[in-house]
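> any chance you could fold what I've pasted below:
(chains A and B)
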Amino acid sequence: MKARARDAASGEALSGALFVAPYLLVFLVLLVYPLVSGIWLSLHKADLFGGSQYIGFENYVRLFKDDVFRKAVWNTCYFVLLTVPALTVIGLALALALNNGTRRSAVLRGLFFSSSVLSVTIVTLIWRMVLVPDGGLIADLLASLHLPSVPFLSDARLAMPAVALTTIWWCIGLPMMLFLAALQQVPKDLYEAAALDNAGWWRTLLRVTLPSIRRTALVVVVIEIILQFQLFGQAQIMTLGGPNNASLPIVLFIYQIGFQRWDIGYAAAASEILFCIILAAAMTQYLASRGRS
Amino acid sequence: MRRALACLTMLGALLGCAPKQAGPVQITLQRFFGACDAEYGSSTNVAAAEGECGIVTTLINKFNAENPDIHVKVNVVYWPGYDQLSAELAAGDPPDLVTMHQSVISDYAQRRLIMPLDDGLASVGVSPASFTRAAREGVMRGGHVYALPFDNWAPLWQINMNLFRAAGLVQGGKPVLPHSPEELLAQARQFKRATGKPYLLQSMVNEPAAYARNLFTFLMQQNAVIFPDPHHIRLSTPQAHRVLALFKQIYDEGLTSKDQDYTAATSGFLNGQGGVYLVGTWMIGAYEQASKQPGSPLANGYAVVPYPQLYPGRDATYADGHSWVMPTAKRSAQKTRAIFRLLRFLKDNDFEWSRTGHLPAYRDVIDSARWRALPHRAGIAGLVDAATPLPPGVQRQFIIQQIVSEEMESAITGQKPINTALADAQRRVNDVLFNLL
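Residues are numbered from 1 along each chain as shown, chains lettered A, B, ... in the order given. Sure, this is the predicted structure:
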């Protein structure tokens, strides 16, 4: 009897392992192996087209002394601070406003999500037409008011906020949809109970809605942190990281070092730093939220 | 049933063994210069084509039409296309021919990523002796020819003569040009007072190279040694400070356009927004066309000259050139022959290419009456001697230009003191050169 139970258990374990195996294989080959080989590469002075020399942690030391890299780290954190709270709050606000069955809300949901399906090239071209001081939409509006144009993309203080604004417009669809999905999961009887208690809209939001979608809010924040730390296309196309590297993000730095300078050991070291930053930021947010709950 | 299966098997075997039908040899050519298939996609009339894209597209169309045994498949890449080429080389799948700036050849030749072309060019009767001096220096490394030169180019002073005339800066039908930094400032102020427009138009935003080209030109004019050796740049110098101070003063006094990127500055010149546009030979054809259109701000009022000599060292202008390289790969003898036939064709049509405004890469073209008869060519013929590339042994010239331009922009727009920007540029470039493997 025991032997049969043992056989059944081991058969179950085997079939479980078989189910997991394809994913595990892909995980190991496409994630674990590149991660480990990236770490190994970062310990070398290496050229994209061959030739490498083990140098220990020299690339990391070089990175910490590199003004441009330090600026790229700050720029990226600044960009995340500009975008993630805005995406979360605006995404939630839109979801709250459009969480009903009217046709107008359905159309507006589609409209707000539509920017997300555009490629980064299209989005940045559109926003360049809005932001450029020479015939751009904003410049023309200002000119009609007899005001001087604003060089959004060539002013060191405005370049990153301009890239952030573009990104928020582009990415707002995903958080809005995630919040909408979460709002539609909130049991109706909670709202009925709140209504019976004469709770107003604000009180219902604070006491019923927000606690009910807490986990989704956490998911949105973590996803957006991970996504926005990887800023690349918008900065590359709109500002090339300028002026004076004021909008240079870490991924563009890595791209320039790896694919234009062919210094892939150094680029790999910068990639590992970025990985650690994203991991730390996402885990901090996750642990903080878990602690509160 | 069994018989039918056997027949099918034999048929399959016969089809499998059948020799493939011999088609034209396919050459994959990867180039920048833009895409213009809507206008020139099927045209073989090279003489009627205009602009870089039009001329190169019709040239390839003509070659395909005249050589039915060869088919050139064109892959157009976004300028300059080296990131894509690097990815293709890393993946072991490079194209057969690629456009490459002569300043970039060292990067690829050093790693044997492109092949020497000496024997192949000799087999189709192309000798380096036929190249101009600038072209020969541009494509030869270590005594070998690594590319077929297509042209040489340099930044120029493209002038709106109508505005110059309004500013009193035309004498005897020719533009009045400065011969010193002080004269440049005086003329720029006079121009602005008279027209209310900036004297210079410059691409200053998202600009990876123009600042550096200006600096290199005016350093060369002061006989400054920019690269004491191929692994070091020298920028923390009084000569470099002088150049940056001049451009900063021009910026501070509003004598230049500000906040324009390449597209805005290029169209700004067409729209008469300023007197002198600092841009290369490639715009001559387009602006010449605009000057023939009545009502255009450039109508009957366009001139182009090399950078004026502002410093009493020597007459020099930073220059580069376009060329065709063959990435290293295994190719059949038939395909290799086809590639060299194409290269010979491109060489034979260098005059047509020079209608873009670029300087011809071959002496017989540059010495020809028909090239000198093209508009404005007599005025820029002096570039043949003044054109000066950076030392060919210096690798990563595009990256160097980018770093120098970033730091120059910081200094000129007041984000950094000039000395700090120059020191930073020198340190960053030397770091790149030091860390080359």
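> so who does residue A:60 touch?
Taking C-beta atoms under 8 Å, 6 or more residues apart in numbering or on different chains, we find residue A:60 in contact with A:42, A:269, A:273. For the C-beta atoms, the positions are set from N, CA and C on the backbone; glycine is no exception.
> so which bits of the host helix or strand of the second one are buried?
Meaning residue A:269. Using DSSP states H and E, the element containing residue A:269 is helix A:264-292. Neighbour-count burial for helix A:264-292, with 16 or more other C-beta atoms under 10 Å in any protein chain shown as criterion, is recorded at A:264-274, A:277-278, A:281-282, A:285, A:289.
> now it: average pLDDT?
Averaging pLDDT along helix A:264-292 yields 86.
> need the next SSE after the one helix or strand residue B:85 maps to, C-terminal direction.
If you go by DSSP H and E, residue B:85 is part of helix B:82-90. Next along the chain after helix B:82-90, taking DSSP H and E as the criterion, comes strand B:97-101.
> take that next one, keep the C-alpha atoms, and write them as PDB.
This file holds the C-alpha atoms of strand B:97-101, laid out as PDB (Å, rounded to 0.1, in the frame of the first residue of the first chain):
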ATOM      1  CA  LEU B  97      29.500  46.100 -50.100                       C
ATOM      2  CA  VAL B  98      28.900  48.900 -47.600                       C
ATOM      3  CA  THR B  99      29.200  52.700 -47.700                       C
ATOM      4  CA  MET B 100      31.800  53.800 -45.100                       C
ATOM      5  CA  HIS B 101      33.200  57.100 -44.100                       C
END
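> now do residue B:377 against residue B:386, distance only.
15 Å (C-beta to C-beta, to the nearest Å).
> all strands of the stretch 51-200 of chain A, in order?
With DSSP state E, counting those that start in this stretch as the criterion, the stretch 51-200 of chain A has strands at A:52-54.
> how about the contacts made by residue A:77?
residue A:277.
> and it, how far from residue A:71?
Following C-beta to C-beta, the distance that separates residue A:77 from residue A:71 is 11 Å.
> can you tell me the SS state at residue 23?
No chain in the question, so chain A it is. Put simply, residue A:23 is helix when judged by DSSP: H, G, I helix; E, B strand; the rest coil.
> rewinding a little: next one: the helix holding residue A:269, is it in contact with chain B?
Yes: residues of helix A:264-292 contacting chain B under C-beta under 8 Å from any C-beta of the partner chain: residue A:266.
> helix B:82-90 and that helix, what's the angle between them?
Counting by axes from the mean of the first three to the mean of the last three C-alpha atoms, to 10 degrees, helix A:264-292 lies at 100 degrees to helix B:82-90.
> residues from the stretch 151-293 of chain A in reach of chain B?
The stretch 151-293 of chain A comes close to chain B at residues A:151, A:153-154, A:156, A:238-240, A:242-245, A:259-263, A:266, as judged by C-beta under 8 Å from any C-beta.
> which among the residues you listed end up buried?
A:151, A:153-154, A:238-240, A:242-245, A:259-263, A:266.
> hmm, back to that, pick the one among the contacts of residue A:60 closest to chain B.
The nearest member of the contacts of residue A:60 to chain B, counting by C-beta to the nearest C-beta, is residue A:269 at 12.1 Å.
> can you pull the phi and psi angles for the closest residue in space to residue B:265 that isn't next to it in sequence?
Leaving aside its chain neighbours, residue B:265 sits nearest to residue B:203 (4.3 Å; criterion: C-beta to C-beta, 6 or more residues apart in numbering or on different chains). Geometry field for residue B:203 lists phi and psi as phi -80, psi 110, criterion degrees, to the nearest 10.
> list the contacts for residue B:203?
Neighbours of residue B:203 in contact, by C-beta under 8 Å, 6+ apart: B:210, B:260, B:261, B:262, B:264, B:265, B:266, B:278, B:279.
> quick check: the gap between residue A:248 and residue B:402.
On the measure of C-beta to C-beta, residue A:248 and residue B:402 end up 12 Å apart.
> neighbour count for the two, which is higher?
residue A:248 (28 against 25; other C-beta atoms under 10 Å in any protein chain shown).
> now the closest residue in space to that one that isn't next to it in sequence: phi and psi?
Leaving aside its chain neighbours, residue A:248 sits nearest to residue A:241 (3.4 Å; criterion: C-beta to C-beta, 6+ apart). Here is the backbone geometry of residue A:241 (degrees, to the nearest 10): phi 90, psi -10.
> you'd agree residue A:241 is up against residue A:254?
No: Residue A:241 is beyond contact range of residue A:254, at 11.6 Å (criterion: C-beta atoms under 8 Å).
> where does residue B:400 land in three-state SS?
helix.
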